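Q: Sequence plus predicted model, see below.
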Amino acid sequence: MFEFFNENQVMLASVAKELVEKEIATHAAEWDEKDHCPTELFKVFGQQGMLGVFVPEQYGGAGLGITERSIILEEVARHSAGFAIALMTHDLATAAILNHGTEEMKKTWLPKLCAAEVIGGLSVTEATGGSDLSNQATTIEKNSAGYLLNGRKVFITNSHIANLNIWTGTSGVNEKGRKVLSAILIPPETPGLSAGRKENKLGLRGSITGEVIAKDVQCGPDSIVGKEGKGSAVALHTIGNYGRSGMAAIALGILRASVEEAVKFGNERIIYGNPLSKIPEMQAIIADNQVEYEAATAMLYNATAIYDNGKDAIPKLAAAKYFATEAAVRASRRTMDLMGGYGVINEYPVGRFLRDALANIPSGGTSQIMRVIVAGSLLR
Amino acid sequence: MALTIAVCIKPVPDSEYYNKITIDPVTKRLNRDGIPTVINSMDKNAIEAALRLREKHGGRVLAFSMAPDTAIENLKRVLAMGVDEAYLCSDRVLGGADTWATSYTLYKAIEKTGPVDLVIMGNQTEDGGTAQVPSQLGEWMGVPHLANVIALDYEDGGMVVKTKADRGTIRYSLKLPAVLAVTRDCNEPRIPSVMDILKVGKKPMRILRAQDLDLNPDFIGIKGSPTQAGEIYSPDMSRKSEALVGDPDEIALRILDELRKAGISIG
Ligand SMILES: Cc1cc2nc3c(=O)[nH]c(=O)nc-3n(C[C@H](O)[C@H](O)[C@H](O)COP(=O)(O)OP(=O)(O)OC[C@H]3O[C@@H](n4cnc5c(N)ncnc54)[C@H](O)[C@@H]3O)c2cc1C
Ligand SMILES: Cc1cc2nc3c(=O)[nH]c(=O)nc-3n(C[C@H](O)[C@H](O)[C@H](O)COP(=O)(O)OP(=O)(O)OC[C@H]3O[C@@H](n4cnc5c(N)ncnc54)[C@H](O)[C@@H]3O)c2cc1C
């Protein structure tokens, strides 16, 4: 637990843990195996106030910050990183509307998102490369009825279950002839929007990732999120703050799981007549996992506190996301080593931790891109 | 009628840490240093039962606990579940109480904070587990009391209660005030929401010291406890063992020999 959490945050962590142990822990392995997303649980998290926890009370949230959101996601990911990314992405639609939407959008959609009456998705990535954000083939054209959307998005979380979608697409060119993006809100039941292929992922199973296709999707004149032509800013702000803190929090959950499984297995497995954890090399594994968990914790919750205090946290969150997601791969791999042959047997959860940790890395931007952001903040 | 309901809550060691609890060989006391406490699980059922009655019939729910000052954290959690006010009886002189002294102190605390219509408790705790405190409290209060409660509701000015018996269930009607001890079958306790957590700081919570209660000094703490723990020990779980070596046939014969020696007849 992070030492600087206030009383409410400490209680939130323990309450979230209790909820996760009741609703998630015993099902996580099965969701992974069957690649099943427990969509009914969105409502449970909504009722507990754990969706859009950063949304002010007037719009149906708890009025807290991304620190509290990360605390919740860490607890969910301790048992199911897959379901955690589904919840975390739902919140991205919420965040985009809260920070960039019109008053009307906030009043209409935030209470519904917080209660999970609608499920949210954020569609940015295209086949031409998630890292190459500005090069989008999706078009948002102004017409007499508002805006017409056409395009295809890939690797979209909640692709087949989200009914409130925020998309980015090219809405024109600037003075230099470069494409400019806009962000647009597509309400539930809008004709022309459909889900395409569903990906069969290595990890983070239990969340749905796939294509979303827009064919002549007609949106109203008030459906632009943020200013027209400022869609990159909406995407970068939302992913940079909410997406990366969320992915780092999910990595913290995997890190903690890797520590706890290593301790449990190390104490229970008897070798040479003694617990495995008596062997210094095995203790080193447990120590390394714990050290990386503590480091990642300090980085993430420092960065979220900076954001919640109203300051720029983009480079710090990129650093935390980079470190935490890579550390989760190292830690789950080390726990696997500690377990010997048992480590690769699917009855044990550690293989899932490693697969989830690997799948965590590209989501919200790759490790290379995180380093580009961190270095960029120092070199500009 | 709106009901004023008291619930009694005991903080107990978190079962996740049971393997870290040790017994001091000299003082015979449990060493609980660094072991976090949680709300005794059936006490959560008691809270849930009280909250449901309040939601249906109106009123207030007050929580009482006798425990060290650190139990404030447990009481905050109780408030987060939806309890309206919390009282912690904490004082050095209350330490070392047996069930008799505990129930007396709880009785005086409940009396002090005003009349209640109903007291709901857990049937038993996860540590002491005597299941004595609820009936003792009922006796101190001089009111009807029932244990093993699996269902309850308020009807026509009294309680209708179902308890578990060896073969089936028994249905009772009780006049108020009364003391009920509930089991896990009674309900599923709620998990607080984020909004509930944020309300905790605004709810009344008070520590009651011995001097705040009108206590008979001979009835409290170690001095007021007729029951004292006798010998407490950790059982030796090690077993006699011997490795049988040799070829499989030889080992098999040795096993048969050993079984016969142990008095087990084999054909
Ligand atoms: C589980 C999962 C869920 C996802 N959910 C969503 C979602 O909900 N919404 C959404 O919009 N997207 C989502 N994504 C997409 C994700 O954001 C992209 O995968 C990511 O941005 C990388 O894009 P790409 O896959 O096209 O890889 P590319 O951009 O093609 O990258 C390929 C390689 O090139 C490297 N590279 C690219 N540019 C540079 C550079 N400038 N410098 C150095 N190296 C570079 C990358 O680091 C990577 O190693 C999700 C992805 C995953 C795996
Ligand atoms: C291992 C162990 C063994 C013990 N054995 C004995 C014994 O044999 N005899 C004896 O007299 N004492 C014994 N004690 C002391 C006893 O635990 C305390 O007096 C305790 O406060 C009440 O007993 P209980 O835990 O058995 O409660 P129970 O009678 O099992 O509890 C039933 C309900 O009473 C309420 N309640 C109990 N204690 C409190 C409290 N402190 N504050 C608020 N509500 C409460 C709760 O609602 C609880 O669910 C023992 C303690 C331990 C740790």
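A: Noted; the coordinates are in hand. Ligands and ions are numbered 1, 2, ... in the order given.

Q: ok, and the closest non-adjacent residue to residue 43?
A: Defaulting to chain A. residue A:116 (4.7 Å; Cβ to Cβ, 6 or more residues apart in numbering or on different chains). Every C-beta, even on glycine, is put in place using the N, C-alpha and C of the backbone.

Q: should've been chain B
A: Closest to residue B:43 by Cβ to Cβ, 6+ apart is residue B:122, at 4.2 Å.

Q: Can you pull the phi and psi angles for that neighbour?
A: phi -80, psi 160 (degrees, to the nearest 10).

Q: how about residue 36, what does it touch?
A: Defaulting to chain A. Listed by Cβ atoms under 8 Å, 6 or more residues apart in numbering or on different chains, the contact partners of residue A:36 are A:30, A:206.

Q: Not quite, go with chain B.
A: Per Cβ under 8 Å, 6+ apart, neighbours of residue B:36: B:13, B:14, B:17.

Q: What are the boundaries of the helices in chain B?
A: For chain B, the helices defined by DSSP state H occupy B:41-57, B:72-81, B:99-112, B:133-141, B:194-199, B:248-261.

Q: quick one: is the shortest one near chain A?
A: Yes: under the criterion of Cβ under 8 Å from any Cβ of the partner chain, helix B:194-199 makes contact with chain A via B:194, B:195, B:196, B:197, B:198.

Q: Now flag whichever of these is closest to residue B:134.
A: residue B:196 (26.8 Å; Cβ to Cβ).

Q: Which residue is the nearest non-sequential neighbour of the closest one?
A: Excluding the flanking residues, the one nearest residue B:196 by Cβ to Cβ, 6+ apart is residue B:80, at 4.9 Å.

Q: That neighbour contacts residue A:14, correct?
A: No: applying Cβ atoms under 8 Å, one finds residue B:80 not in contact with residue A:14, separated by 9.7 Å.

Q: higher neighbour count, these two?
A: Between residue B:80 and residue A:14, counted using other Cβ atoms under 10 Å in any protein chain shown, the more crowded position is residue B:80 (25 against 19).

Q: who touches that one in this structure?
A: Residues in contact with residue B:80, defined by Cβ under 8 Å, 6+ apart, are A:11, A:15, B:192, B:196, B:197, B:199, B:200.

Q: what's near enough to touch the fifth one?
A: This means residue B:197. A:8, A:11, A:12, A:15, B:80 are the contacts of residue B:197 under Cβ under 8 Å, 6+ apart.

Q: okay, these in a markdown table with pLDDT, secondary structure and distance to residue A:129 next?
A: Formatted as a markdown table, those follow (pLDDT from 0 to 100; DSSP: H, G, I helix; E, B strand; the rest coil; distance: Cβ to Cβ, whole Å):
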| residue | pLDDT | secondary structure | distance to residue A:129 |
| --- | --- | --- | --- |
| A:8 | 96 | helix | 41 |
| A:11 | 96 | helix | 43 |
| A:12 | 98 | helix | 38 |
| A:15 | 97 | helix | 41 |
| B:80 | 98 | helix | 46 |
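
Q: out of those, which is most surrounded?
A: residue A:12 (27 neighbours).

Q: How much space separates that one from ligand 1?
A: If you measure residue A:12 against ligand 1 using Cβ to the nearest ligand atom, to the nearest Å, the figure is 25 Å.

Q: contacting residues around that residue?
A: So residue A:12 contacts A:68, A:71, A:72, B:194, B:197 (Cβ under 8 Å, 6+ apart).

Q: Do any residues in the helix or strand hosting the first one lie close to chain B?
A: Mapping residue A:68 onto the secondary structure by DSSP states H and E places it in helix A:66-79. Yes: applying Cβ under 8 Å from any Cβ, one finds helix A:66-79 touching chain B at residue A:68.

Q: okay, which residue of chain A is out on the far edge from center?
A: residue A:273 (43.6 Å; Cα atoms, centre = their mean).

Q: Can you give me the pLDDT of it?
A: At residue A:273, the model reports a pLDDT of 91.

Q: what's the spacing between it and residue B:228?
A: 41 Å (Cβ to Cβ, to the nearest Å).

Q: Could you do residue B:12 as well?
A: 20 Å.

Q: With adjacent residues omitted, what lies nearest to residue A:18?
A: residue B:191 (5.4 Å).

Q: Would you check that the residue nearest to residue A:43 makes contact with residue A:42?
A: Yes: using Cβ under 8 Å, residue A:116 is in contact with residue A:42, at 3.9 Å.

Q: okay, and the common contacts of those two?
A: With Cβ under 8 Å, 6+ apart, residue A:116 and residue A:42 have common neighbours A:51, A:90.

Q: and residue B:12 and residue B:228? which has more neighbours close in?
A: residue B:12 (22 against 9).

Q: ok, whatever residue of the stretch 201-350 of chain A ends up closest to chain B - how many residues close by?
A: With Cβ to the nearest Cβ, the shortest gap between the stretch 201-350 of chain A and chain B falls at residue A:267, namely 8.8 Å. Number of residues near residue A:267 (other Cβ under 10 Å) recorded here: 13.

Q: Over to it. Which of the three states is it?
A: helix (DSSP: H, G, I helix; E, B strand; the rest coil).

Q: Report the contact partners of it.
A: A:275, A:276, A:277.

Q: tell me, how many neighbours does the first one end up with?
A: Here the number of neighbours of residue A:275 (other Cβ under 10 Å) works out to 15.

Q: swap in residue A:139?
A: 17.

Q: Can you check the pLDDT for it?
A: 97.

Q: do the same with residue B:28
A: So residue B:28 comes in at 69 (pLDDT).

Q: Which residue ranges of the chain form strands?
A: In the absence of a named chain, chain A is used. With strands called from DSSP state E, chain A shows them at A:120-123, A:139-143, A:146-157, A:164-173, A:179-186, A:193-198, A:209-219, A:224-225, A:270-271, A:274-275.

Q: actually chain B
A: B:3-8, B:11-13, B:22-23, B:30-31, B:37-39, B:59-66, B:85-89, B:118-122, B:145-155, B:158-165, B:168-175, B:178-182, B:205-208.
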